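Trainee: Sequence and computational prediction follow.
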Amino acid sequence: MLIVRKFLRDVAAVLGFVIICVVIGIAIFGPFLLPHPDLVFDSDILRRFEPPSAEFWFGTDNLGRDIFSRVIIGTRGALMVALTVVAIAIAIGVPLGIYAGYTTGWPAEVIMRVTDVFLAVPQLILALAIAQLAGRGLGSAMAALALTYWPFFCRTVYAETRRLRHTVFIEALQGLGASKTRILFVHVLPNVASPIIVRATVGMGFTILTTALLGFLGVGATPPNPDWGLAIAESREYLPDVWWAATFPGLAILITVLGFNLFGDGLRDLIDPKLRRSRS
Amino acid sequence: MSAAPILSLSDITTVYGGGKRAFGGPRAEVRAVDGVSLELREGEALGLVGESGCGKTTLAKTILGLLTEKSGSIRLGGQVVSGLRPEAARRARPSIHYVHQDPGAALDPWWTVGHALDETLRIHGVRDRRERAARIAEMLMAVGLDTSFLSRYPHELSGGQQRRIGLARILTLRPRIVILDEPTSGLDLSVQATVLGLFNDLRHRLGLTYLFVSHDLSVVRRMCDRVAIMYLGRIVEIGPTAQIFAAPAHHYTRALLAASPTLTPGSLDDMPSLRDDPPSPTAVPSGCAFRTRCAHADEQCRVERPDLAAVTDTAHGHLAACHHAFP
């Protein structure tokens, strides 16, 4: 397979892919491999602020909970949140973008102007405002992120669809009498799939970062959720003496986001229909 | 050739732009096709010739139905099929099909040739899978390819193969009129010759009528029974190929013929060429549109727009729109 071989030559992308695989593996199997399953949610005040050791690899936090176990448990939450947010954003943004890109007239115009308004305001600030209004909790943080992230998909898909609308093969299909539904879903959608996939991959990392940020600012996950951002926020007041309580959740965020970004960038270089070959 | 017209256009005008912007004033209107009347006779090959931007492709797309004419009427086999929005127009004109200038780009890059051909038939309601396969195999054979091409992707085909696939694609739909848009552009001469031979062969075998859009006069001369010359959206001369090439009546046709290179040594040196570029279609000159580049233009050409008229009493169907036509 040419595509696989080309991908393997891109060291950064392979590194990203490996990181993502490891992170997903941890999310799935992590809860069964915990060194201290009892110290994820239950506190042990006598053991608070123990530095990293053979027993507690990442140390313990202010309530004596095992940070390593909490980071592992937090992986699943972070991935689930990012996946849900990106999926909802795609479900809203892609159909709107395709429709607005393929048609002309006032509905398309309205969609794109609304998109512009969303894109003009920094996503984080908008999400913060919406999450604050909706009340504290992971659910409202996710809703706020999805509601502010769909315009990015809408914009990308719109631009691609606009370009495709005037290509010869779409025109040929119109000439053959193909219906609009067929052209949009059977031909335009697969052709805009690559930028969607790339944006979704990068978006996963981005959303993990923003979720953590919302958690840090106190509008996302609520205690005792092992959310990475929340863990950093809770340990902030004990810095710099208890450096391990903030460092390890921070590293988890860093590595995961890096993995998605490297892989997303690699995909962007890779996706090109010209690389497809028939089997003959 | 005195066959009945299978398609007739009368006074067709197609306009780009126009209307009003959401904010601000009206948009400029470009009359890409301006009052064209044309008849296509059963079984003939009509060449449509002109410089780039003269409206040939716009006219072809109007006939196909992808562009809606602003005024005029189109009759197909005795029925009026004009004044329809694109989707309805395509349904009303199932016997007309179009082969793109770049048939490779006319195929979805993600789909194999076989998949694309199959879809073409499915769009047209051929439900039976075996019938679709049979029709595709038959037409691939007719254009000189075999079924091994079905698993290829468009970018894996050569220029000549792309032309053949493009033709096979629409022939599976059993059209009566085929519009060929620049069918030889981008092909080298040997491939051009085989492709043109194939077009001719298929026309006689399947009883097709061709509208042959091109700017290559030598190709048109070889392929077509009649030729129509277009300039800035209007037909300025139309007639049997032999007569047009032997005795062109319009000054523009003369200039076009003179501009096509020949193999005579030294002929490039004293070639009378057309002055300047054609005027912008947004500002078509008054009267005869060609007068700004015509050496014989006078006051009458400036004031009065010439209509198509018979060149001589004896010439059958040879019309030209010029005040000072050569007899």
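Mentor: Cool, the structure landed. Numbering: from 1, shown residues only, chains lettered A, B, ... in the order given.

Trainee: Please make it C-alpha for all contacts and neighbour counts, starting now.
Mentor: OK.

Trainee: Show me the shaky parts of chain B.
Mentor: Within chain B, the ranges that satisfy pLDDT under 70 run B:1-3, B:18-26, B:261-273, B:275, B:313-315, B:327.

Trainee: from it, which residue is nearest to chain A?
Mentor: residue B:106 (3.7 Å; Cα to the nearest Cα).

Trainee: which SS state does that residue fall under?
Mentor: Secondary structure assignment for residue B:106 (DSSP: H, G, I helix; E, B strand; the rest coil): coil.

Trainee: nearest residue to it other than its sequence neighbours?
Mentor: residue A:169 (3.7 Å; Cα to Cα, 6 or more residues apart in numbering or on different chains).

Trainee: Kindly report the same for residue B:233.
Mentor: Once flanking residues are discounted, residue B:233 sits nearest to residue B:33: 4.1 Å by Cα to Cα, 6+ apart.

Trainee: That neighbour contacts residue B:59, correct?
Mentor: Yes: under the criterion of Cα atoms under 8 Å, residue B:33 makes contact with residue B:59 at 6.2 Å.

Trainee: Now do the shared contacts for these two.
Mentor: Both residue B:33 and residue B:59 are contacted by residue B:14, under the criterion Cα atoms under 8 Å, 6 or more residues apart in numbering or on different chains.

Trainee: got the contact list for the residue nearest to residue B:233?
Mentor: B:12, B:13, B:14, B:15, B:55, B:58, B:59, B:232, B:233, B:234.

Trainee: From the residues you listed, which land in strands?
Mentor: Among the contacts of residue B:33, the members falling in strands (DSSP state E) are B:12, B:13, B:14, B:15, B:234.

Trainee: So what pairs up with the second one in the strands?
Mentor: If I follow you right, that is residue B:13. Here residue B:13 sits in beta bridges with residue B:71, as judged by DSSP bridges.

Trainee: Just say helix, strand or coil for residue B:227.
Mentor: Recorded secondary structure, residue B:227: strand (three-state DSSP).

Trainee: ok, the residue nearest to it when sequence neighbours are not counted - contacts?
Mentor: Spatial nearest neighbour of residue B:227, excluding adjacent residues (Cα to Cα, 6+ apart): residue B:47 at 4.4 Å. Each residue near residue B:47 by Cα under 8 Å, 6+ apart is listed here: B:211, B:212, B:213, B:214, B:220, B:223, B:224, B:225, B:226, B:227, B:228.

Trainee: thought the fifth one was touching residue B:228?
Mentor: No: using Cα under 8 Å as the test, residue B:220 is too far from residue B:228 to be in contact (10.2 Å).

Trainee: These two: which is more packed in?
Mentor: Between residue B:220 and residue B:228, residue B:228 has the larger neighbour count (other Cα atoms under 10 Å in any protein chain shown), namely 25 against 21.

Trainee: show me the contacts for the more buried one.
Mentor: B:46, B:47, B:48, B:49, B:235, B:236, B:237, B:238, B:239.

Trainee: from those residues, which ones fall inside strands?
Mentor: Using DSSP E, the subset of the contacts of residue B:228 located in strands is B:46, B:47, B:48, B:49, B:235, B:236, B:237, B:238, B:239.

Trainee: would you turn the residues you listed into a markdown table with distance to residue A:196?
Mentor: Converted to a markdown table, these look like this (distance: Cα to Cα, whole Å):
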| residue | distance to residue A:196 |
| --- | --- |
| B:46 | 46 |
| B:47 | 45 |
| B:48 | 43 |
| B:49 | 44 |
| B:235 | 47 |
| B:236 | 50 |
| B:237 | 52 |
| B:238 | 52 |
| B:239 | 54 |
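
Trainee: Farthest pair within those residues?
Mentor: B:46 and B:236 (14.8 Å; Cα to Cα).

Trainee: Residue numbers of chain B in contact with chain A?
Mentor: B:64-66, B:87, B:90-91, B:97-98, B:100, B:102, B:105-110, B:120, B:123-124, B:151-153, B:155 (Cα under 8 Å from any Cα of the partner chain).

Trainee: Tell me which of those residues fall in strands.
Mentor: Judged by DSSP E, these include B:97, B:98 as members of strands.

Trainee: Going through the residues of chain B next to chain A, which ones are buried?
Mentor: With neighbours counted using 16 or more other Cα atoms under 10 Å in any protein chain shown, those contain these buried positions: B:64-66, B:87, B:90-91, B:97-98, B:100, B:102, B:105-110, B:120, B:151-153, B:155.
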